[in-house]
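Undergrad: below is the structure, and that's it, no one-letter string:
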């Protein structure tokens, strides 16, 4: 039995690890287009920049692990074609790998600015090599224009500011992190960054980017002109679906899979950021760029490749660290949810809960109250409907509300 995994990121790495447990005698091949061993991505915008971590410090496993577990690595070799009829994957170096079961864990790539705006060097952050280039360009006092006020853009802004850079963020939306977070969180994060000296322009439309003196970039929006020694863009990500699409697999803003991780081909599975998967808890398909999804979905899908029949079913969990602030989010803040504040948003620590029409917790955001999240997860799992005034009272322990819900 041969399992081939295309994509040597966290999802591909986790799948290989679980497959070895589930199928001790199987042949496992892990293919990656980057030259690095599988590595953690969350530190790229944070500790890798600010603490100058080595590349090796990010590796999920040492090279010896793959040797001991008999996981064959094909790194620096992009997959170029899937021959579904022959059940084989072709690589850029000419290698052809036959498979019994194939897993696509191809991840995402950073969305690029329109070509008309790329007249000057623009830095993007998606890979270890990208982070290394940004780290090498940073210096105290350097003026940076960051295009994009989402998670990645703000994490880089915080890291650069810590190192003494002067940062201006141009955000196309009326507020920060608007795709994922409610307004109360956007306002808090804006205040946090402004306190550290970051400047913002909202509803910013970049009209042109031109060369200035001494290699600087002149960025012109509809309202203002900025001069930058370093120009970075963090405007979202796109799933790497080209391989799947060319093979005739179903693609809908992600490789379409069922809750078991199966694509439209019964011998091809997919996991991680590149998938649009059915979520039984939400009752709809979702695509989430999340470390948690990459690891946990990949583990379930790997077991299914080895013969199990498990559904991947959990609420997405995301987090971001900016300066000394930790923000965690469970689920999605849908428009129909009622928002309950637990604590003061003008303080440094509070929690936001989203209640469904039945009064059950459907989503949550913790701001420097990470200890709340483990209890909230259990409240969600128990389908509890605590009184709103109790949830809103920081003096009432969530653990006590959980005990009361279980007692009922």
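TA: Yes, it's here. Computed from a predicted structure; not experimentally measured. Numbering: from 1, shown residues only.
Undergrad: the stretch 51-200 of the chain: strands as residue ranges?
TA: 71-75, 79-83, 88-91, 96-98, 101-104, 108-110, 143-147, 166-171, 199-202 (DSSP state E, counting those that start in this stretch).
Undergrad: need the longest helix for the chain.
TA: helix 291-305 (DSSP state H).
Undergrad: residues touching that helix, excluding its own?
TA: With contact meaning Cβ atoms under 8 Å, 6 or more residues apart in numbering, helix 291-305 is reached by 3, 9-12, 14-19, 22, 41-42, 101, 103, 105, 257, 260-262, 269-273, 275, 277, 310-312, 314, 316-318. In this view, the C-beta of every residue, glycine as well, is placed from N, C-alpha and C.
Undergrad: what about these, which are in strands?
TA: Judged by DSSP state E, the subset of the contacts of helix 291-305 located in strands is 3, 101, 103, 257, 269-270, 275, 277, 317-318.
Undergrad: so which of these comes closest to residue 248?
TA: residue 270 (13.9 Å; Cβ to Cβ).
Undergrad: quick one, what contacts that closest one?
TA: Contacts of residue 270 by Cβ under 8 Å, 6+ apart are 103-106, 244, 255, 257, 261, 263, 301.
Undergrad: so which of those residues wins on neighbours?
TA: residue 105 (33 neighbours; other Cβ atoms under 10 Å).
Undergrad: distance-wise, check it relative to residue 272.
TA: Per Cβ to Cβ, to the nearest Å, residue 105 is found 5 Å from residue 272.
Undergrad: what sits in contact with each of those two?
TA: Looking at what touches both residue 105 and residue 272 (by Cβ under 8 Å, 6+ apart), the common residues are 7, 9, 11-12, 294, 298.
Undergrad: can you lay out those as a markdown table showing neighbour count and pLDDT?
TA: Formatted as a markdown table, these follow (neighbours: other Cβ atoms under 10 Å; pLDDT from 0 to 100):
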| residue | neighbour count | pLDDT |
| --- | --- | --- |
| 7 | 30 | 98 |
| 9 | 24 | 96 |
| 11 | 32 | 98 |
| 12 | 26 | 98 |
| 294 | 27 | 93 |
| 298 | 32 | 98 |
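Undergrad: closest to residue 73 among those?
TA: residue 12 (10.6 Å).
Undergrad: which residues touch residue 77?
TA: Residues near residue 77 by Cβ under 8 Å, 6+ apart: 31-33, 91-93, 95.
Undergrad: residue 228 too?
TA: Shown in contact with residue 228 (Cβ under 8 Å, 6+ apart): 143-145, 168, 216-219.
Undergrad: show me the helices in the protein, by range?
TA: Going by DSSP H, the chain shows helices at 10-22, 47-50, 63-68, 128-137, 151-162, 183-195, 242-246, 291-305, 370-381, 388-391, 398-407.
Undergrad: reformat these as JSON lines; add distance to residue 339.
TA: Output for these, formatted as JSON lines (distance: least, Cβ to Cβ, whole Å):
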{"stretch": "helix 10-22", "distance to residue 339": "32"}
{"stretch": "helix 47-50", "distance to residue 339": "32"}
{"stretch": "helix 63-68", "distance to residue 339": "44"}
{"stretch": "helix 128-137", "distance to residue 339": "35"}
{"stretch": "helix 151-162", "distance to residue 339": "20"}
{"stretch": "helix 183-195", "distance to residue 339": "7"}
{"stretch": "helix 242-246", "distance to residue 339": "37"}
{"stretch": "helix 291-305", "distance to residue 339": "23"}
{"stretch": "helix 370-381", "distance to residue 339": "14"}
{"stretch": "helix 388-391", "distance to residue 339": "10"}
{"stretch": "helix 398-407", "distance to residue 339": "17"}
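Undergrad: least reliable of these going by mean pLDDT?
TA: Mean pLDDT values for these show the minimum at helix 398-407, a mean of 85.
Undergrad: who does that helix touch, helix- and strand-wise?
TA: With contacts taken as 3 or more Cβ pairs under 8 Å, 6 or more residues apart in numbering; DSSP states H and E, helix 398-407 sits against helix 370-381, helix 388-391.
Undergrad: and among these, the most buried is which?
TA: helix 370-381 (a mean of 17; mean count of other Cβ atoms under 10 Å).
Undergrad: how far is that helix from where the chain is centred?
TA: When distances are taken as Cα atoms, centre = their mean, to the nearest Å, helix 370-381 is centred 21 Å away from the chain's centroid.
Undergrad: now do it: which elements does it pack against?
TA: Helix 370-381 packs on strand 325-330, strand 350-355, strand 361-367, helix 398-407, going by 3+ Cβ pairs under 8 Å, 6+ apart.
Undergrad: touching that helix from outside, list them.
TA: So helix 370-381 is in contact with 315, 317, 326, 328, 330-331, 342, 351, 353, 360-362, 364, 366, 386, 398-399, 401-402, 405, going by Cβ under 8 Å, 6+ apart.
Undergrad: now with 7 Å, please.
TA: With Cβ atoms under 7 Å, 6 or more residues apart in numbering as the contact definition, helix 370-381 has outside contacts at 315, 326, 328, 330, 351, 361, 364, 366, 398-399, 401-402, 405.
Undergrad: ranking the residues you listed by neighbours, who comes first?
TA: For the contacts of helix 370-381, neighbours tallied by other Cβ under 10 Å; top is residue 364, 28 neighbours.
Undergrad: mind checking how far the longest helix of the chain is from the chain centre?
TA: Offset of helix 291-305 from its chain centre (Cα atoms, centre = their mean): 15 Å.
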